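> next come a sequence and a model predicted from it.
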Amino acid sequence: MTQQDPLVLFMPSGQRGRFAKGTLVIEAARSLGVYVESVCGGRGICGRCQIEVAEGIFAKHKITSAADHLSAWSAKEERYAAKRGLKPGRRLSCSTTIEGDLVIDLPSDMAVNAAVVRKAVDTREFPRDPAIRLLYVEVVEPDMHAPLGDLDRIFVALEKDWGISAPIVDPGILPHVQKTLRDGAWKVTCAIAQDRDDERPRLMGLYSGLKNEAYGIAVDIGSTTIALHLSSLLSGATIASAGTPNPQIRFGEDLMSRVSYVMMNPGGRPEMTKAVREAIQRLVEEVATETNVDTADIMDCVFVGNPIMHHLFLGIDPTELGQAPFALAVSGALAVPASDLDLSLHPAARAYLLPCIAGHVGADAAAVTLSEGPHRQDETMLVVDVGTNAEIVLGNRQRLLAASSPTGPAFEGAEISSGQRAAPGAIERVRIDPETLEPRFKIIGVDGWSDDPGFAAAAQSTGVTGICGSGIIEVIAEMFLAGIITEDGIIDGSLAARSSRIVPEGRTFAYVLHATSARTISILQTDVRAIQLAKAALYAGIKLLIDKFGAAGESDTIDRIALAGAFGSFIEPKYAMVLGLVPDCNVEKCGSVGNAAGAGARMALLNRSYRREIEAVVKRIQKVETALEPAFQDHFVAAMAFPNKRDAYPELVKVQRLPNRDAEGRPIRRSGEAEGDAPRRRRGGRPPR
């Protein structure tokens, strides 16, 4: 292929390549390891290989994508569309050729080996006090001597039985009051909404007889994935969960790419708003169908997301968030009609959005704070929501600080040569023998390790397709511990004499993790550098908060570390420290807290007091803007080394010996080397152990 051949980017995997004009799209996808199903063998019959073209200017990828960069409709597509129908904008990849630069989206409803959305529901139980209550009343029938209207009779019963006085009535109820009362023989259930004690209650629903079904949804809108949980407002139980890749990925993998897309494409903001709202509605319908719940019984909903996801979901142009001073259009908590967000729920349902902390620390970070509660503890706690934009909260009940770090999508498989999102077949765990340098690994969808009997047979259905975020972290950490990578991140080419796993790659070297006749999965020097840049950005942000915390007289010792988010949930704490993603801490007090943002959203859904709690806490969180801090660059440079060229890791070395570290976890200095000097690259052999 040449630089003149069209550049094609497949989403949501992020795989890309150049292909000669006239190449079938399905062939291009498969050559990159992008799974596209085709049951009919390319005859245009099954329709499983459907694709969509994302049109517009994708500045980050240097692609201008347009539908006419595909070949004209083929006869096979015409026949399929006439017989079975194709959604507008969709094509069959088995019958369509590449004629120009393209960003191609693989629709989630067509994907069999789809990305695994690993944002499981938090099963903790919370005190229940929802904003929606179902109140049963028995209403006195009208008579000639008491000419009170039927709705007013309901008001009398509500005040007598429940202390609810003169509620506001949603207009949609009025035409049905009399029939509802008579159908229920003067016994009705009132759905009363009251978010705050100081606001008038609202009569949002009226039902004949006794009704004991009311539901709510808690939604975490991540830049990579969307997770939705359906809960009973009566019992507090979560009865169904669902997730999907965020369809906005096709407009840009990271947040700034999406802001750029809005800036460069006039219809960009409405496109992204529509995409995320439609995805949420599909999840609503999915959980409702699964549980046999009427969507009209979903009466309340809570949403969290980073500031750009928050703004795009609300239909707000996020352009101001792409440049200093990173101004939010709105930062406080919001309550809006769900129908205004194009959601088909109960006609009077309202959506509550948690407050954003600052320009790049959003409602998702607020939800994580609510869930993990550093503000309720005496211990100093570090909470890190690891994603394409890491959000960091540090503190205790006395003081809280927050920051964000632009880690980029490397942790989630993008920008890595064999990287992919978490899907069946992706390598997610890695171990390397320090003597032989031979690896073993686990893949998503198969229980055993690669050296276990029966692994090959078990992996036949998925194959070994690439390496996802948790696998990337572990393989690079293991390479460092085995001496394959030096402290400053260089793959040691001299080890090629010891192992055929170390191979030349241009002017550098690579480590072959897995190789078959069909595909080779290697860790390149550029992959190591991408992880170094991402982890250094994260650590530098954390270090700034520690500096600020200590400068105020607080201890700079971290007592506990919580790794949140879909990616953070699958990082083994030891490896997070080996790489220097996070500072030193007692390894037993560093761990995953799962989808803490989703848990915080559930808390706000099921108990109104949690909404008031986080609204108050956010107001006292001190935001540290990393882009404006002179010390950020200094911390960043130090954090490029594994785990860090300055900071000690005394707790980590208790459980894991580290190259170039003494028994106290301090960097070992060579003669003449000052503190803070960059580690020197070794020309041959393994780093000191």
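Noted; the coordinates are in hand.
> gap between stretch 434-454 and the chain center?
27 Å (Cα atoms, centre = their mean, to the nearest Å).
> check whether residue 632 really touches residue 545, as I assumed.
No: with contacts counted by Cβ atoms under 8 Å, residue 632 stays clear of residue 545, the gap being 11.1 Å. Heads up, the C-betas are built off the backbone N, CA and C, glycines and all.
> what residues are shared contacts of these two?
Counting by Cβ atoms under 8 Å, 6 or more residues apart in numbering, residue 632 and residue 545 have no shared contacts at all.
> distance from the chain centre to stretch 472-492, please.
27 Å.
> how long is it from one end to the other?
Counting by Cα to Cα, to the nearest Å, you get 18 Å between the two ends of stretch 472-492.
> just name the shakiest helix or strand of this structure by mean pLDDT.
helix 565-568 (a mean of 68; mean pLDDT, DSSP states H and E).
> contacts only, for residue 217.
228, 229, 230, 231, 284, 287, 298, 300, 301, 302, 345, 605.
> tell me the spacing between the most centrally placed residue in the chain and residue 391.
Centroid check for the chain by Cα atoms, centre = their mean gives residue 222 as the closest residue, at 3.8 Å. Separation of residue 222 from residue 391 (Cβ to Cβ, to the nearest Å): 11 Å.
> now for the nearest residue to residue 228 once chain neighbours are set aside, how many residues are close by?
Nearest non-adjacent residue to residue 228, counting by Cβ to Cβ, 6 or more residues apart in numbering: residue 283, 4.2 Å away. When neighbours are counted by other Cβ atoms under 10 Å, residue 283 registers 23.
> residue 283: which element?
Here residue 283 sits within helix 268-291, counting by DSSP states H and E.
> tell me which strands the helix or strand that that helix is followed by pairs with, and in which orientation.
Sequence-wise, the next helix or strand downstream of helix 268-291 (DSSP H and E) is strand 298-305. Applying DSSP bridges, strand 298-305 is found paired with strand 215-221 (parallel), strand 350-353 (parallel).
> pLDDT averaged over the first one - what is it?
Okay, so that is strand 215-221. Strand 215-221 shows a mean pLDDT of 96.
> same check on the last one?
When pLDDT is averaged along strand 350-353, the result is 97.
> how far does that strand sit from the chain's center?
For strand 350-353, the distance to the chain centre is 20 Å (Cα atoms, centre = their mean).
> do the first one as well
Its chain's average C-alpha position is 14 Å from that of strand 215-221, according to Cα atoms, centre = their mean.
> hey, C-alpha coordinates of that strand in CSV?
C-alpha atoms of strand 215-221 as CSV (Å, rounded to 0.1, in the frame of the first residue of the first chain):
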residue,chain,number,x,y,z
TYR,A,215,-39.2,2.2,38.0
GLY,A,216,-36.3,4.5,37.4
ILE,A,217,-33.1,4.4,35.4
ALA,A,218,-29.6,5.4,36.3
VAL,A,219,-27.4,6.1,33.3
ASP,A,220,-23.6,6.6,33.1
ILE,A,221,-22.8,8.2,29.8
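> sheet partners, orientation included, of the helix or strand just after that strand?
Counting by DSSP H and E, the next helix or strand C-terminal to strand 215-221 is strand 225-232. Strand 225-232 pairs in its sheet with strand 215-221 (antiparallel), strand 238-245 (antiparallel), by DSSP bridges.
> just name the most buried of these.
Ranked by mean neighbour count under mean count of other Cβ atoms under 10 Å, those are led by strand 215-221, which reaches a mean of 28.
> just to revisit the earlier point, okay, and the common contacts of residue 222 and residue 391?
The contact sets of residue 222 and residue 391 overlap at 306, 364 (Cβ under 8 Å, 6+ apart).
> pLDDT of the longest helix along the chain, averaged?
For the chain, the helix that runs over the most residues, judged by DSSP state H, is helix 525-551. Mean per-residue pLDDT for helix 525-551: 91.
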